[in-house]
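Chemist: A predicted structure for the sequence below; I have some questions about it.
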Amino acid sequence: MYERLDVLRERARGELERVQGENTVDNLQGYSERESFTNLFSGRFAQLSSVERGLCFGRIDETGGERFHIGRIGLFDEEYDPLLIDWRTPLAQSFYRATPAAPLGVTRRRHIRLHGRTVIGVDDDVLDLDALQDADRSTLIGEAALMSSLGANRTGRMNEIVATIQTEQDEIIRSELPGALVVQGGPGTGKTVVALHRAAYLLYTHREQLARTGVLVVGPNTTFLRYIDQVLPSLGETDVVLATVGELYPVVEATGAESAAAARVKGDLTMVDVLAQAVANFQRVPDAPIEFKVDQHELVLRPGAVRKAKQKALESDEPHNPARKIFVRRILKVLTDQVIDKIGRQYVGEEDIEDVHKELAEDDRVQGILDHLWPELTPQLLVSVLLSSAERLTEAAPQLSEADRTAILRPIDAPWTASDVPLLDEAAELIGELDAAVSARRQQAAAAEAEAADAWKYAREVVQVQLEATNIVVMPWEIEQFANLVHRRTQLVDNPGTVSERASADRSWVFGHIIVDEAQELSAMDWRLLMRRCPRRSMTLVGDIAQTGTDAGVKSWAELLDRYAPRRWRSAELTVNYRTPTEIMTVAGGVLAAIDPNLRPPISVREGDAEPWLRAVPAAEFADALTAAIKAEREAIGDGRLAVLVPRPRYDELAAILEDVARSNDPAILDAPVALLDATQAKGLEFDSVLIADPAGIIAESDRGLSDLYVAVTRATKRLGVLADGDLPEVLSGHRQ
Ligand SMILES: Nc1ncnc2c1ncn2[C@@H]1O[C@H](COP(=O)(O)OP(=O)(O)OP(=O)(O)O)[C@@H](O)[C@H]1O
């Protein structure tokens, strides 16, 4: 297989060099054509290079005597006979699903472990009837391979798991594309990694559809997105948008911090009505007639006339800016009539009326009045003006308490925060686009449509000619992809950009599939924004209600999905914890029971080598004890990685006294041997060793402090230490050493 890989890689490299060396670029078509070939061959070369490690990891022997090798990509020999089967194909499914209880025609499954190009381990599951007696074997697949991967030191980046995907995980990965799938699972059950493999599977299986519309993966923060950003490229997928909800409003960068109370208020659906009211408050009817002079004419705009114009505009059901046009037309008509009456209707013709209308429309005074009565708005303007004025807030949000209104009040030039983004998105819907933006977009769309039709025709011809001339080696299964590339390139010569680039820049982009990780953290307003980006509701949501760290977060999956995808959602559960060893999960179990006595933590797949330690020291000794504990833990884990998790309010204080630890704003934090984080920042991440400093402080930091502590305890893959400043909190005291 490696020989074949080398041949294909060399061929792709040769083609790439040849195409790049060719001297045919003297016109647009030649340029596009060369770009497409370069793209195709460099893409193929990159893919063939990315699968070098662990190219083949499994084999299935079937009852009929057939035998298939399973690997990271599909490989065929010169006769197109399969050498290696891609893990995403239906044929490979039994590798992940067969158990002694349901062997699916498989007699033996073999896990192959490689180091470089050398086989260093082979583990067989024999799926014959005798094995049925062995209950253990029916649950774990490829136990030795799995354990060896779980026991390895963490690198600071999430790895792909194609070789050891477990049955319950595979069912989620291969679940069908349409509808919303929600996956509930405790910490360490593989929700994140499964969601990413699902993205790779869907892109492989529904390439046609998803390559055009794109896949969006939403994560809780940028550190987390960096933690996972290697997984999809290592599976050969690069055209995916990774973003936090705060990044989903183009142009706006949400860099500001905000209080938990502000996030809760802004995350609630009440804001939908508040924003609608705020827009309505910009559509004014004057209390008294407005009198003014245009040229020599005395004009008057009475409240009744404005009210009528407003009513007409609102009846159109258009958003604020487009509806403004109707309002303006009506008001101008009223004023034109007044001028005409003054001149004397008998003296004017149609053309004169039009002239008067035009003059009034261009008059500064008239424009000023119109802007006062119904100003053109932008989402940024609306939201910042609303949130910075106590008076406007009281007017628009009488249903909020005084305290809630105060919580969201901020200066007009304050930086945008993550929970402002769904408000901006909502505002954009209510306001609609500005006139200039609409016409520019219409023009662009018409031009693009015409070009696209030409480009597609041209792309087909190029492919045909090249194939007939056997100028170029294109594998049969690449023809469609290739034609697409030529098409895209020709269409986008002036405006190059991948689907993911274009999708990130366009607020109204509709994604083919959206994956949401740590989905429990999203507020109701966040969901509204995401649902707009995916009207077909083809989504995968993974999360754990018990880990919800904010009051704005999800309390029930059913409630959320019955609202947005009634009868179009299904759920699955992951029950086995692959991260945290049994001993540490016993500590986590106590914390979970304190959150809700009915909840049970997921069962750990393995036992660890080290018992967790919990220690309490008097406040005066805390700083020294912490420094000593960090030193001891570093020695215990060698090359592994340590996280020190602290209460949010004490972050700066502790950061100031600890040396040699990477801070949360350090871009290299994931690569550092010791990382200092608060529990929220550690969400989704994992470390060889976790040291929790001041657990009582974590519990006290918010109403959801116990959930934060639960998150903190479940980040470790090997070792857990807890150092209390004063007494150990009750939820942990049972484990004191
Ligand atoms: N089948 C598997 N083979 C190998 N490793 C696995 C497998 N499933 C999960 N893991 C590993 O277990 C760890 C936990 O996975 P992941 O982070 O996806 O869990 P999670 O459910 O998202 O956790 P949390 O909710 O705590 O963030 C990761 O290191 C992941 O690579």
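Modeler: Yes, it's here. None of the values given here were measured: they were computed from a predicted structure.
Chemist: Please count neighbours and contacts with C-alpha atoms only from this point.
Modeler: Noted.
Chemist: give me phi/psi at residue 125?
Modeler: The phi/psi pair for residue 125 (degrees, to the nearest 10) reads phi -100, psi 120.
Chemist: let me fix that: residue 718
Modeler: phi -130, psi -50.
Chemist: List the contacts of it.
Modeler: Residues in contact with residue 718, defined by C-alpha atoms under 8 Å, 6 or more residues apart in numbering, are 580, 581, 608, 609, 610, 688, 689.
Chemist: Against the ligand, how distant is it?
Modeler: According to C-alpha to the nearest ligand atom, to the nearest Å, residue 718 and the ligand sit 12 Å apart.
Chemist: what's the pLDDT at that residue?
Modeler: For residue 718, the model assigns a pLDDT of 95.
Chemist: and the stretch 1-150 of the chain, which residues reach the ligand?
Modeler: In this structure, the stretch 1-150 of the chain approaches the ligand at residues 146, 149, 150, judged by C-alpha under 6 Å from any ligand atom.
Chemist: tally of neighbours for the second one?
Modeler: A total of 15 residues lie near residue 149 under the criterion other C-alpha atoms under 10 Å.
Chemist: Quick check: buried residues in the strand or helix carrying residue 321?
Modeler: Assigned by DSSP states H and E, residue 321 falls within helix 320-343. Neighbour-count burial for helix 320-343, with 16 or more other C-alpha atoms under 10 Å as criterion, is recorded at 320-328, 330-340.
Chemist: Contacts for that helix next, please.
Modeler: The set of residues external to helix 320-343 that reach it, using C-alpha under 8 Å, 6+ apart, is 279, 297, 299-301, 305-306, 309-310, 312-314, 316-317, 348, 353, 356-357, 360-361, 370, 374-377, 430-435.
Chemist: same question, stretch 617-636
Modeler: Residues outside stretch 617-636 that contact it (C-alpha under 8 Å, 6+ apart) are 640-642, 644, 657-658, 689, 691, 693, 723-727.
Chemist: hmm, try it at 10 Å
Modeler: Outside stretch 617-636, the residues within contact range by C-alpha atoms under 10 Å, 6 or more residues apart in numbering are 610, 615-616, 640-644, 654, 657-659, 661, 673-674, 688-694, 719-728.
Chemist: just checking, which of those belong to strands?
Modeler: Assignment to strands by DSSP state E places the following of the contacts of stretch 617-636 there: 615-616, 642-644, 674, 688-693, 719-725.
Chemist: which intervals of this protein have sub-threshold pLDDT?
Modeler: 22-32, 128-141, 434-498, 735-737 (pLDDT under 70).
Chemist: give the contact list for the residue sitting nearest the centre point of it.
Modeler: Residue closest to the mean C-alpha point of the chain, counted by C-alpha atoms, centre = their mean, is residue 218 at 1.2 Å. Applying C-alpha under 10 Å, 6+ apart to residue 218 gives the contacts 225, 241-248, 514-519, 530, 541.
Chemist: Could you check how far it is from residue 666?
Modeler: As for residue 218, its distance to residue 666 is 22 Å (criterion: C-alpha to C-alpha, to the nearest Å).
Chemist: Repeat that for residue 64.
Modeler: Distance check for residue 64 against residue 666: by C-alpha to C-alpha, it reads 57 Å.
Chemist: same deal with residue 44?
Modeler: Per C-alpha to C-alpha, residue 44 is found 35 Å from residue 666.
Chemist: more crowded one of the two?
Modeler: Neighbours around residue 44 and residue 666, counted as other C-alpha under 10 Å, are more numerous at residue 44. The numbers are 18 against 11.
Chemist: List the buried residues for the host helix or strand of the more buried one?
Modeler: Secondary structure assigned from DSSP H and E places residue 44 in helix 28-50. The neighbour-count criterion (16+ other C-alpha under 10 Å) identifies 29, 32-48, 50 as the buried residues of helix 28-50.
Chemist: I'd assumed residue 91 was in contact with residue 105.
Modeler: No. Assessed by C-alpha atoms under 10 Å, residue 105 is found out of contact with residue 91, at 11.5 Å.
Chemist: Look up the residues that both of these two are in contact with.
Modeler: Taking C-alpha under 10 Å, 6+ apart as the criterion, residue 105 and residue 91 both touch residue 60.
Chemist: Which parts of the stretch 101-250 of the chain are helices?
Modeler: Taking DSSP state H, counting those that start in this stretch, the helices of the stretch 101-250 of the chain run over residues 143-151, 167-173, 191-205, 207-213, 222-228, 231-234.
Chemist: Same check on the stretch 301-450 of the chain?
Modeler: Secondary structure of the stretch 301-450 of the chain (DSSP H, counting those that start in this stretch): helices at 303-315, 320-343, 350-362, 364-373, 379-387, 390-396, 402-408, 421-431, 435-468.
Chemist: Among those helices, which comes closest to residue 8?
Modeler: Shortest distance between residue 8 and those, using C-alpha to C-alpha, is found for helix 435-468: 18.6 Å.
Chemist: gap between the helix or strand where residue 274 lies and the chain center?
Modeler: Mapping residue 274 onto the secondary structure by DSSP H and E places it in helix 270-280. A distance of 27 Å separates the centroid of the chain from that of helix 270-280, by C-alpha atoms, centre = their mean, to the nearest Å.
Chemist: I'd like the next helix or strand past that helix.
Modeler: Proceeding N to C from helix 270-280, the next assigned helix or strand is strand 290-294, under DSSP H and E.
Chemist: Who are the packing partners of that following strand?
Modeler: In this structure, strand 290-294 packs against strand 297-301, helix 364-373, with contacts taken as 3 or more C-alpha pairs under 10 Å, 6 or more residues apart in numbering; DSSP states H and E.
Chemist: tell me the angle the shortest one makes with strand 290-294.
Modeler: When you say that, I think you mean strand 297-301. Calculated by axes from the mean of the first three to the mean of the last three C-alpha atoms, to 10 degrees, strand 297-301 forms an angle of 150 degrees with strand 290-294.
Chemist: okay, the helices of the stretch 101-250 of the chain, which one's buried deepest?
Modeler: Comparing these on average neighbours per residue, with mean count of other C-alpha atoms under 10 Å, the densest one is helix 191-205 at a mean of 22.
Chemist: Tell me if it is near the ligand.
Modeler: Yes. Using C-alpha under 6 Å from any ligand atom, we find that helix 191-205 touches the ligand at 191, 192, 193.
Chemist: returning to that earlier point: buried by neighbour count, from the contacts of stretch 617-636: which ones?
Modeler: 615-616, 640-644, 654, 661, 673-674, 688-694, 719-728.
Chemist: In the stretch 251-400 of the chain, which residue sits closest to the ligand?
Modeler: Nearest residue of the stretch 251-400 of the chain to the ligand, counting by C-alpha to the nearest ligand atom: residue 260, 21.3 Å away.
Chemist: Name the nearest residue to that residue, ignoring sequence neighbours.
Modeler: Distances taken as C-alpha to C-alpha, 6 or more residues apart in numbering place residue 550 nearest to residue 260, at 7.3 Å, with adjacent residues excluded.
Chemist: ok, how many other residues are close to the one you found?
Modeler: For residue 550, the number of neighbouring residues by other C-alpha under 10 Å comes to 22.
Chemist: Correct me if wrong: it contacts residue 262.
Modeler: No. At 11.1 Å, residue 550 does not count as touching residue 262 under the criterion of C-alpha under 10 Å.
Chemist: Show me what residue of the stretch 301-450 of the chain gets nearest to the ligand.
Modeler: With distances taken as C-alpha to the nearest ligand atom, the stretch 301-450 of the chain approaches the ligand most closely at residue 418, which sits 20.5 Å away.
Chemist: how about that residue, what does it touch?
Modeler: The contact partners of residue 418, by C-alpha under 10 Å, 6+ apart, come to 221, 244-248, 253-258, 263, 266-267, 526.
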